[in-house]
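>>> Predicted model, plus sequence, below.
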Amino acid sequence: MVTLARQIPLRYTVLEGKNVGRKGLEASVVRLSEKTAVIALEEPLEPLTNLKMNMGDVNEKLSARDFYGKVIKRSEENGQTHVVRFTSVPPEVDAYFQSHRQHAAK
């Protein structure tokens, strides 16, 4: 997992069962690996909470691509950062994340 030089802004929605919960909350990716990320969320969430996410601060085509993850644990640092395992990521979003990981590793 690499610490990003510049945090990646996200918007997220909490998924509760078959229902969509709170929508359009702001978040940012702080650290990133291939399958997981440390994400600073607006509110503390319980482990196993499912999230639907969209990129922020990118072009319209990329920001429209939904991707999904599950909260694995709340970070020890504070109640706002969470470890999230990605469960479904479209290739365009994966490529965007990969470029950030490569940049952070240099």
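Now that the structure is in, tell me what you want to look at.

>>> Show me how far the helix or strand containing L62 is from its chain's centre.
L62 belongs to helix 60-63 when assigned by DSSP states H and E. Centroid separation between helix 60-63 and its chain, computed with CA atoms, centre = their mean, to the nearest Å, is 15 Å.

>>> Residues in contact with it: which ones?
54-56, 92-93, 96 (CB atoms under 8 Å, 6 or more residues apart in numbering). Where you see a C-beta, it was placed from the backbone N, CA and C, and this is true even at glycine.

>>> What lies in contact with stretch 87-105?
Here stretch 87-105 has contacts from 2-6, 8, 29, 32-34, 50, 55, 58, 61-62, 65-70, using CB under 8 Å, 6+ apart.

>>> How about that stretch, which residues are buried there?
By neighbour count on 16 or more other CB atoms under 10 Å, the buried set for stretch 87-105 is 89, 93, 96-97, 100-101.

>>> following the helix or strand bottoming out on mean pLDDT in the chain, which helix or strand shows up next?
Within the chain, confidence by mean pLDDT, DSSP states H and E is lowest for strand 19-20 among all helices and strands, at a mean of 62. Per DSSP H and E, the first helix or strand lying C-terminal to strand 19-20 is strand 25-32.

>>> Check which helices and strands that next one is in contact with.
Judged by 3 or more CB pairs under 8 Å, 6 or more residues apart in numbering; DSSP states H and E, the packing partners of strand 25-32 are strand 2-16, strand 36-41, helix 91-105.

>>> any chance of those in CSV, plus distance to S75 and mean pLDDT?
As requested, the helices and strands packed on strand 25-32 are exported to CSV (distance: least, CB to CB, whole Å; pLDDT from 0 to 100):
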stretch, distance to S75, mean pLDDT
strand 2-16, 13, 91
strand 36-41, 6, 95
helix 91-105, 18, 89
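
>>> for these, which one sits closest to V83?
Nearest of these to V83, taken as CB to CB: strand 36-41 at 5.8 Å.

>>> Quick check: neighbours of whatever helix or strand comes next after the closest one in the sheet, parallel or antiparallel?
In the C-terminal direction, the helix or strand that comes right after strand 36-41 (DSSP H and E) is strand 50-55. Strand 50-55 sits in its sheet next to strand 2-16 (antiparallel), strand 67-74 (antiparallel), going by DSSP bridges.
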